[in-house]
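K.L.:
Sequence plus predicted model, see below.
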Amino acid sequence: MTTEVDSASEVKKESDQLGADTAKENPKETAENQQNQSSEPSPMAESQSSPRRRQKREKDSSEGRGISRFIPPWLKKQKSYNLVVAKDGGDKKEPSDAVVEEQILDKEESLPEEERQAKGDAEETAQRKQQEIKVAVKEERPSVSSAETQPVEVKKERNEEKVKEIAEDKSEEAAKRETKEVQTNELKAEKISQKTIKKTKTVQCKVILLDGTEYSCDLEKRAKGQVLFDKVCEHLNLLEKDYFGLLFQESSEQKNWLDSAKEIKRQLRNLPWLFTFNVKFYPPDPSQLTEDITRYFLCLQLRQDIASGRLPCSFVTHALLGSYTLQAELGDYDPEEHGDNDLSDFQFSPTQTKELEEKVIELHKTHRGLSPAQADSQFLENAKRLSMYGVDLHHAKDSEGVDIKLGVCANGLLIYKDRLRINRFAWPKILKISYKRSNFYIKVRPAELDQFESTIGFKLPSHRAAKRLWKVCVEHHTFYRLVSPEQPPKAKFLTLGSKFRYSGRTQAQTRQASTLIDRPAPHFERTSSKRASRTLDGDTVGVVDESLMKDRPGPGGQVSAYGPGVVSIAIIQDGDGRRDARIPTKGPQVQLIEGKKSTLRVEGDNIYVRHSNLMLEDLDKAQEDILKHQASISELKRNFMESTPEPRPNEWEKRRITPLSLQTHGRKGDHLFKDVLSMKEKYLMASSRTVEEKAQEADKKRAPESEGPYTGASDAVKSSHETLNIVEEKKQAEVGKDERVIPEEMNGKEISPGSGPGETRKVEPLTQKDSTSLSSESSSSSSESEDEDVGEYRPHHHVTEGTIKEEQEEYEKEVDEEPGQAAKVVEREETVPEASLVKQAGASVTTVDTVIQENVVTLKIPAEKSINEGVVKQDMREETEDEQHKVNGEVSHVDIDVLPQIICCSEPPVVKTEMVTISDASQRTEISTKEVPIVQTETKTITYESPQIDGGAGGDSGTLLTAQTITSESVSTTTTTHITKTVKGGISETRIEKRIVISGDADIDHDEALAQAIREAREQHPDMSVTRVVVHKETKMEEGDE
Amino acid sequence: MGTPGEGLGRCSHALIRGVPESLASGEGAGAGLPTLDLAKAQREHGVLGGKLRQRLGLQLLELPPEESLPLGPLLGDIAVIQGDTALITRPWSPARRPEVDGVRKALQDLGLRIVEMGDESATLDGTDVLFTGREFFVGLSKWTNHRGAEFVADTFRDFAVSTVPVSGPSHLRSLCGMGGPRTVVAGSSEAAQKAVRAMAMLTDHPYASLTLPDDAAADCLFLRPGLPGVPPFLLHRGGGDLPNSQEALQKLSDVTLVPVSCSELEKAGAGLSSLCLVLSTRPHS
């Protein structure tokens, strides 16, 4: 295996290098270069691909298929070497269990590749056979053009650490999907192939429980965290498990929570499969827990916390808590039994003194009559009041380099210097939480008298520490503050950050679920490991024979005494916990009243953002603006119309608006995108989705229009949680406009830089208008560009679906007004590069298409309807407007003048392919789809372009400063971001192309996905405008369906 | 620990220290202070002791005045007491540091756990510390530094200890106080309001706030001697001293207002919080 792996790694390196090279080249060259770049990689891919295919075919019979289906084609390309890996997979089976772990470790890295291969294989297979999978996007071989940036990006990704994660996500996602369909296949395959496989795939996990005992079980190698967690909870007979989690020790100083939604293996990397079971969310009021057993585990955790010093308390409190511990574990004080007992078995405090023990005994005597459960309750009642109860501390430095600690708790974020609390940010005060590299940022609402939000940055010891803190914040906010978890950002277009969201139940949900618990109080023994020996001697403590243990309900797990002398085991029997009781409500569905109040939101909630601070700031800038914005969209329009060089606000709006073009088309539907699945956005935004026809139709109905930036921004749109977030930002942005306009211009430049680590953003606020050049900061690092480098999170309120609809309507209204704005947005855009892209057309377009192929985009739908008429090209903006109206059927747009859009619809000869291109007259690009769609595939492409006013259009190629490509993957979405900075004429432009490939089932709401993508794009790059959106939808037709 | 907030004001004893003649002479640490009427000051001090003993029913211990310690009566600066623990401070003024000895001994004799500040770099005036029953706020003022505040945190580990920037020559307690377990009273000065805002931001707990016209009026003591059936007391500056704030103080319900005067002692920088230490010898019972 090793050798194989190595080869694979080598390949990676090569690819990486290539990527790097290309990247380097980019800067020098202009947009044109980009094309080249794109093309370059492709050849490799192809070359690689051929061998692959063979192999794949071979393998097809096996597991690979399912996964492969989900994997985007471009990924496949890269992985020619993957094949080797895949083989490894086969090999894996062979190794004996003992060896398994190590192998796994080795393989972990390789795995993604394997998967990819598998995916690739699957694709092929898919092509051959039309499999059930609707989504199958891959069929179309990645055309060279499509290769474009992707290859490069991919390579880079690999380089990045995060890449792995991404890969994980993909794989996971893929795995999930497959699970249903594929798994069956796999199972079959496995059976067929060999039994040995099973061996290979199981790994022994050890979990140290709160009582110090160790639970071990065998897990499938690819098992997700949830599987293990469920097993442990089952073993513990714990129903109220949402407060708990599994930790693994990443380093001597850092422990990470096992993400239940991800594969364990990928989280552990090379770490041993050793976990500790801990309380993750400390219930603010333990008395509200339903079961004593839950309180018991909480007590055990707190005792650990106290003994370790994590939970500091006074002498008196140490004594008091210790006395309750004795009461709970030993019962009433018995002079004969306990009188001369050595309490050294117990650890009541980090530094235990005789005096303390005496005090404990003294207090213990006063608890006579308390049952163990009562003693635990008393323990908790006192412990919960400790100031550090439930506070998760993270070491950091403030902006001045002073050592501080950040404490994440139920109420927000606490800042400590030494032991002193020097600041506190309640969740409602936090607008955004983000991290970039090793920096962690929070953006807080303006104080009463302040007009502007401020962003506060902290320096964490490492990037991983920053990410970990960010995740903890996201989780805590969600758990304590939201009624239901936020939907993880399914598709992030322009987003470069982590998609992480808390996926578990919130406190509200778990409480609700707890009320449904209906079982007799489970019997369990209270024993702390430390006094295990004693327990055995004197008390009833459960016996711990392993044999017994095995028999126990624990799901297949074995309990073994952990630690030297410790024998006692607290095992909870009663296995039947009713898990039914815990009906996980689907977070998203939960309605939050709050959500609707967009306005409220302004004050209220937080946003987790993943950009650079700067970016965030821009976005947030104006809550006020937001309000205003909503109120006076029309005004905005005017502004745009007037082309008044209003500072950023306009741009913000523009961005937001930009989608309008889409909206216009979509408006018919007037539907907001409810679901944001996956979207690809190119720099401007090109998204293509492949969807089943049905889905498409559905989508059509849902007008993409809803997307309108405003929409998102406007309250109405909150439909999806994310949407909400977006909305907030938008609002804010708007707010900022009027007031901040001037400042923003000033600031704008600065702001942009922060964006993603990997991203280079130049804020060209009014570039066109003002032509002020903004200094663009490029976040460095393509290398760092890892998705995870940056994370943003915005706390929001959830909205009910019902609400959503209403909002949508509103939204629509707004939309009408918006168009004008959108137009402006377009104008400002940095078009130049884009133009070039467009012009390059054939190739680039193709690329897009290719990408698109996999993606399913709803946008197409609207386009189709409106566009079906034919290709409309208008040189004149005015005309364009008219046409747009026509096309869109929208009447309301009055302001539209600004953006001339050209809509081109062409149907590819082959199969069904529709392409709609909207572009400036000048830039008009006709996209010819030369690709021959694969059989039974429906491909639709819609391109929205904003006219480039500056005319930099392709022609101006300024000096290319930097070029970066970042790729991120999520379950159903692959996002490739290409960032190019160019300086021309003293104006720096940053162009970001995002390609989002969404592969999904019919269920995907493409419209929403697109909408979200656009929103995200705006959010992420508030200062930028969306110039072009290309949606390519490829649908596999079921045979006979045609 | 008791119920949060319930511990506020629990007391069985009060400790005061007599007014030396040196206080009126402007000697020692009192240098620069305006001259004051010694007799009036002593009279005020005597009245205060009487109220504590008779009106509130506390056991009163009075340390004898020492001429070498002109500011000795301001023993609120010398110790921070919560529960069974007393933190002996390290006053900002070096001249006042000898004051700790007598106070330490008295508190020790009362059975309190004594915690010392050993750090030479730390300064802490007790009247920069506000205990709300749920948490501590320590004013970072001219008198108290971060290191000093740290000792508060290290000493009273059960509680959150937050730092509040205090501008100007004031101590935190001369700007605000507790009018009840959940009520913060504060003066209307900019410094006082600023401190309150800072506290509001730092706290996890909801407090009501009452703004009084005079900062000095906010330097009141919420005391709960534990007499059965008797509502808690609020020892505050009376109408003779601060007529403008009396009406606002009436808004505090559930407390028995006990007005006292210390306008003369105030000239030496004294306030109600600095003129006495209250404690309970059985804080956990």
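P.N.:
In hand now; what should we look at? Remember, it's a predicted structure, so these values are computed and weren't measured experimentally. Numbers count the residues shown, from 1 in each chain, chains lettered A, B, ... in the order given.
K.L.:
show me where pLDDT drops low in the stretch 351-500 of chain A?
P.N.:
Residue ranges of the stretch 351-500 of chain A with pLDDT under 70: A:448-450, A:487-499.
K.L.:
quick one, helices of it?
P.N.:
Ranges of helices in the stretch 351-500 of chain A, per DSSP state H, counting those that start in this stretch, are A:354-365, A:372-383, A:463-476.
K.L.:
Any idea which of those helices gets closest to residue B:244?
P.N.:
helix A:372-383 (42.7 Å; C-beta to C-beta). Quick note: C-beta positions are derived from backbone N, CA and C, even for glycine.
K.L.:
Please point out which parts of that closest one sit buried.
P.N.:
Across helix A:372-383, burial judged by 16 or more other C-beta atoms under 10 Å in any protein chain shown covers A:372, A:373, A:375, A:376, A:377, A:378, A:379, A:380, A:382, A:383.
K.L.:
now, among those residues, which is nearest to chain B?
P.N.:
residue A:382 (5.3 Å; C-beta to the nearest C-beta).
K.L.:
hang on, the closest one packs against residue A:318?
P.N.:
No: at 10.6 Å, residue A:382 does not count as touching residue A:318 under the criterion of C-beta atoms under 8 Å.
K.L.:
restrict the buried residues of helix A:372-383 to those near chain B?
P.N.:
residue A:382 (C-beta under 8 Å from any C-beta of the partner chain).
K.L.:
Could you report the separation of residue A:474 from residue A:281?
P.N.:
13 Å (C-beta to C-beta, to the nearest Å).
K.L.:
Please say which of those two ends up with more neighbours.
P.N.:
residue A:474 (26 against 23; other C-beta atoms under 10 Å in any protein chain shown).
K.L.:
doesn't residue A:485 make contact with that one?
P.N.:
No: under the criterion of C-beta under 8 Å, residue A:474 makes no contact with residue A:485, lying 9.9 Å away.
K.L.:
shared neighbours, those two?
P.N.:
A:501, A:502 (C-beta atoms under 8 Å, 6 or more residues apart in numbering or on different chains).
K.L.:
low pLDDT regions in the chain?
P.N.:
Just so you know, I chose chain A. A:1-200, A:337-342, A:448-450, A:487-499, A:527-1042.
K.L.:
wait, I meant chain B there
P.N.:
B:1-6, B:26-34, B:227-228, B:283-285.
K.L.:
near chain A, which residues of it?
P.N.:
B:1, B:4, B:83-85, B:113, B:135, B:138, B:146, B:149-150, B:153-154, B:156-163, B:197, B:201-204, B:284.
K.L.:
Just the buried ones out of these, please.
P.N.:
Neighbour-count burial (16+ other C-beta under 10 Å) applied to the residues of chain B next to chain A gives B:1, B:4, B:83-85, B:135, B:138, B:146, B:149-150, B:153-154, B:156-163, B:197, B:202-204.
K.L.:
So which of these sit within helices?
P.N.:
B:146, B:149, B:150, B:153, B:154, B:197, B:202 (DSSP state H).
K.L.:
separation between the closest residue to the third one other than its chain neighbours and residue A:436?
P.N.:
To tie it back to what came earlier, the one meant is residue B:150. Nearest residue to residue B:150, sequence neighbours excluded (C-beta to C-beta, 6 or more residues apart in numbering or on different chains): residue A:418, at 5.0 Å. For residue A:418, the distance to residue A:436 (C-beta to C-beta) stands at 27 Å.
K.L.:
Between those two, which is the more surrounded one?
P.N.:
Taking other C-beta under 10 Å, residue A:418 and residue A:436 do not tie; residue A:436 has more neighbours (33 against 17).
K.L.:
Name the residues linked to that one by a beta bridge.
P.N.:
residue A:439, residue A:790 (DSSP bridges).
K.L.:
Backbone dihedrals for residue A:315, please?
P.N.:
Here is the backbone geometry of residue A:315 (degrees, to the nearest 10): phi -60, psi -50.
K.L.:
For residue A:206, grab the count of nearby residues.
P.N.:
By other C-beta under 10 Å, 17 other residues sit near residue A:206.
K.L.:
Provide a list of residues in contact with it.
P.N.:
Applying C-beta under 8 Å, 6+ apart, the residues near residue A:206 are A:214, A:215, A:216, A:273, A:274, A:275.
K.L.:
Over to residue A:469?
P.N.:
Residues near residue A:469 by C-beta under 8 Å, 6+ apart: A:394, A:396, A:406, A:408, A:435, A:440, A:460.
K.L.:
For chain B, which segments are assigned as helices?
P.N.:
Going by DSSP H, chain B shows helices at B:22-25, B:38-50, B:99-109, B:146-155, B:190-202, B:246-249, B:263-266, B:272-275.
K.L.:
tell me the most buried of these?
P.N.:
helix B:272-275 (a mean of 26; mean count of other C-beta atoms under 10 Å in any protein chain shown).
K.L.:
Quick one: residues in contact with it.
P.N.:
If you take C-beta under 8 Å, 6+ apart as the criterion, helix B:272-275 is touched by B:16, B:45, B:48, B:73-77, B:126-127, B:171, B:173-174, B:177, B:219-221, B:235-237, B:260, B:262, B:265.
K.L.:
please redo it, this time with the cut-off set to 10 Å
P.N.:
Residues outside helix B:272-275 that contact it (C-beta atoms under 10 Å, 6 or more residues apart in numbering or on different chains): B:14, B:16-17, B:19, B:44-45, B:48-49, B:52, B:71, B:73-78, B:125-127, B:129-130, B:171-174, B:177, B:216-221, B:235-237, B:260, B:262, B:265-266, B:268.
K.L.:
My read is that residue A:256 contacts residue A:249, right?
P.N.:
Yes: applying C-beta atoms under 10 Å as the test, residue A:256 and residue A:249 come out as touching, 8.1 Å apart.
K.L.:
Would you mind measuring from the residue nearest to the spatial centre of chain B to residue B:177?
P.N.:
Geometric centre of chain B, nearest residue: residue B:273, 2.4 Å, by C-alpha atoms, centre = their mean. Between residue B:273 and residue B:177 the computed distance is 7 Å (C-beta to C-beta).
K.L.:
is it true that residue B:66 touches residue B:75?
P.N.:
No: with contact defined as C-beta under 10 Å, residue B:66 does not reach residue B:75; the gap is 11.4 Å.
K.L.:
which residues are common contacts for these two?
P.N.:
Contacts common to residue B:66 and residue B:75, judged by C-beta under 10 Å, 6+ apart, are B:17, B:99, B:102.
K.L.:
residues contacting the last one?
P.N.:
Counting by C-beta under 10 Å, 6+ apart, residue B:102 makes contact with B:15, B:17, B:63, B:64, B:66, B:69, B:72, B:75, B:78.
K.L.:
what's the answer for residue B:62, then?
P.N.:
So residue B:62 contacts B:14, B:15, B:16, B:17, B:18, B:45, B:46, B:49, B:52, B:53, B:106, B:276 (C-beta under 10 Å, 6+ apart).
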